[in-house]
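Asker: Give me coordinates for this.
(chains A and B, ligands or ions: 1)
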Amino acid sequence: MGMTMSQKILASHAGLSQVTAGQLIEANLDMVLGNDVTAPIAIKEMEKMTINKVFDKDKIALVPDHFTPNKDIKSAENCLCMREFAMEQDITNYFEIGEMGIEHALLPEKGLVAAGDLIIGADSHTCTYGALGAFSTGVGSTDMAAGMATGKGWFKVPSAIKFVLSGKPDEWVSGKDVILHIIGMIGVDGALYKSMEFVGDGIKNLSMDDRFTIANMAIEAGAKNGIFPVDEKTLKYMDDHGANKYSIFVPDEDAEYDEVYEIDLSTIKSTVAFPHLPENARTIDNVGDIKIDQVVIGSCTNGRIEDLRAAAKVLAGRKVAKGMRLIVFPATQAIYLQAMEEGLLATFIKAGGVVSTPTCGPCLGGHMGILAAGERAVSTTNRNFVGRMGHVKSEVYLASPAVAAATAVTGKISGPKDLGL
Amino acid sequence: MKVYGKVHKYGDNVDTDVIIPARYLNTSDPKELAAKCMMDIDADFVSRVEPGDIIVANKNFGCGSSREHAPIAIKASGISCVIAETFARIFYRNAINIGLPIIECPDAVKNIEAGDEVVVDFDEGMIYNRTKGTKYRGQAFPEFMQGIIKTEGLINYINQRY
Ligand code: SF4
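Answerer: I've put the predicted structure just below:
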């Protein structure tokens, strides 16, 4: 029987010629990731193990991004725990804040993940690297500990849903609108335990940054992973970022899929997910009149250079509405620097926004932009659960950088077209 | 293994942000986490919960982040088992890996109400609702996962093998 892209990657890492959905396998890992929230638990778990050395010091990435620069003493202690472990184990890919970024933007940028790799990360958005044609999935801290010690992980081979993309998206429509549209269609458990495999000639019209955004939010449909085929754009991206060891897997012609959806990208409109689930998607022409207090642009979903360019294009020569708080947080130091050199940061500041150091910050209600009761934010992040960005009575609306920027200008949910763009 | 307790019932898509809000993730101490467990969905949970109690929820329980703090908080609060129609996949793995018993059974979930007294027999894969006098067969774990649960978590399981 034919295999999907994801199944082929799993089979190759388990040393098997064939796997089928539902099968439990043990597979070799190419990268194990953790952050300042999840790694300290993994490190404590590893102390209970008889193995006390990591399996490969080059195949572990430790990124302090959630509560950094340290928000309080407890966060500082978590980072310290991770730093000491990294030093003691001589971990190659430990990133101190001057060289860091949000993990899921950082790993691809540093060339640490590539097509055909099998990656686990103690963070649910580890699925982001599927944009490169890798199998990557989020796990918990205990899995991370086991992975760091043994270089192996256990997996239940997933079945898959196929999304056949065609057409070209409209100028102001981005990967974020595509994935919010899809989650609106299939629901937050629409792909539970499954792979979301994207194919079709519409993919050539999606930039790598669009693909990262789409793969990033596969978990918001309950998926185990999201994955794209490798094309010229993928190869160029990996080449530019020094990821020179990769393998390309294509799905078998007779691979089986639980469902197949055909999506014409040219029909997708700017989309906003209403509180309190990413599946509450509405197109921009159906949002009504909703006043917004804060706009957040950034995160592992939409903090990449193209996202900042789109936001800056909308904000150039404009001002944020009176009483509006605009917070921009570039996803990595490299993106921050590039945005500075391109003049994007100046645009944000002149418009009346603030620019933060790379951090997860407000995305998870950690710090740097918490909401009070009754406040509403439009955010380019990936989750709008109850209390996600602050008080349980606050609200988060998920949108693209272009919509977020337009909203900052008008003070209510708006698209670039509302500004005559 | 058998557990017995009073039920706390929840709806669909109970996410990890309401099980343990991110603002408390600067610690991984089970006791501190337990003190905030379910806070954003059920503010009284912590004062009501008694050792052995059972959480019953509809579909996609534990969706959202990979934080192991969520099953840790539930386990440390005294909950002996979570029964749901379905679990989000990372929560499912994490629960097994840390040794929090969970079981999927849509029929039982439909029948059980808050406050019911329920027994779960994991060896048989059976769920008994003592209050209503009904019983259900849940989905048993595959052998591999039973191995992890028998050794009380993934770490011990690996220690035995290496
Ligand atoms: S930016 Fe948000 S979603 Fe991304 S890793 Fe950080 S907390 Fe998680």
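Asker: Packing partners of whichever strand or helix holds residue A:239?
Answerer: Residue A:239 belongs to helix A:232-240 when assigned by DSSP states H and E. Applying 3 or more Cβ pairs under 8 Å, 6 or more residues apart in numbering or on different chains; DSSP states H and E, one finds that helix A:232-240 contacts helix A:208-216. All C-beta spots, glycine's among them, are computed from the backbone N, C-alpha and C.
Asker: and after the longest helix belonging to chain A, which helix or strand comes next?
Answerer: Counting residues, the longest helix found in chain A (DSSP state H) is helix A:73-88. Going down the chain from helix A:73-88, the next helix or strand is strand A:93-94, by DSSP H and E.
Asker: elements contacting that next one?
Answerer: Counting by 3+ Cβ pairs under 8 Å, 6+ apart, strand A:93-94 packs on strand A:60-63, helix A:73-88.
Asker: if you compare these, which one is most tucked away?
Answerer: Of all those, strand A:60-63 has the most neighbours on average by mean count of other Cβ atoms under 10 Å in any protein chain shown, namely a mean of 26.
Asker: So which residues make contact with that strand?
Answerer: Here strand A:60-63 makes contact (Cβ atoms under 8 Å, 6 or more residues apart in numbering or on different chains) with A:31-36, A:39, A:54, A:82, A:85-86, A:89, A:91-95, A:100-103, A:106-107, A:112, A:121, A:148.
Asker: the strands in the stretch 101-250 of chain A, which residues?
Answerer: Ranges of strands in the stretch 101-250 of chain A, per DSSP state E, counting those that start in this stretch, are A:118-121, A:135-138, A:152-156, A:160-166, A:195-199, A:225-227.
Asker: Let me know the helix or strand that residue B:56 is in.
Answerer: With elements taken from DSSP H and E, the one containing residue B:56 is strand B:54-57.
Asker: Can you give me the neighbour number for residue B:25?
Answerer: 26 (other Cβ atoms under 10 Å in any protein chain shown).
Asker: Between the two ends of stretch B:42-51, what distance do you get?
Answerer: 17 Å (Cα to Cα, to the nearest Å).
Asker: If we go by neighbour counts, what in that stretch is buried?
Answerer: Within stretch B:42-51, the residues scored as buried using 16 or more other Cβ atoms under 10 Å in any protein chain shown are B:42, B:45, B:46, B:49.
Asker: Which strands or helices does the longest strand belonging to chain B pack on?
Answerer: For chain B, the strand with the greatest residue count under DSSP state E is strand B:2-10. Judged by 3+ Cβ pairs under 8 Å, 6+ apart, strand B:2-10 is in contact with strand B:54-57, strand B:117-121.
Asker: Quick one, which of these gets closest to chain A.
Answerer: Closest to chain A of those is strand B:54-57 (Cβ to the nearest Cβ; 12.5 Å).
Asker: Past the helix or strand of chain B with the lowest mean pLDDT, which element shows up next along the chain?
Answerer: One helix or strand of chain B scores below all others by mean pLDDT, DSSP states H and E: helix B:143-150, with a mean of 77. Using DSSP H and E, the helix or strand that follows helix B:143-150 in sequence is helix B:154-161.
Asker: got the CA coordinates for that following helix in PDB?
Answerer: Taking Å, rounded to 0.1, in the frame of the first residue of the first chain, the C-alpha atoms of helix B:154-161 are listed here in PDB:
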ATOM      1  CA  LEU B 154       8.200   6.600  30.200                       C
ATOM      2  CA  ILE B 155      11.400   7.400  32.200                       C
ATOM      3  CA  ASN B 156      11.200   4.200  34.200                       C
ATOM      4  CA  TYR B 157      10.300   2.300  31.100                       C
ATOM      5  CA  ILE B 158      13.500   3.500  29.400                       C
ATOM      6  CA  ASN B 159      15.600   3.000  32.500                       C
ATOM      7  CA  GLN B 160      14.600  -0.700  32.300                       C
ATOM      8  CA  ARG B 161      15.700  -1.000  28.700                       C
END
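Asker: Report the inter-axis angle for that helix versus strand A:152-156.
Answerer: 120 degrees (axes from the mean of the first three to the mean of the last three Cα atoms, to 10 degrees).
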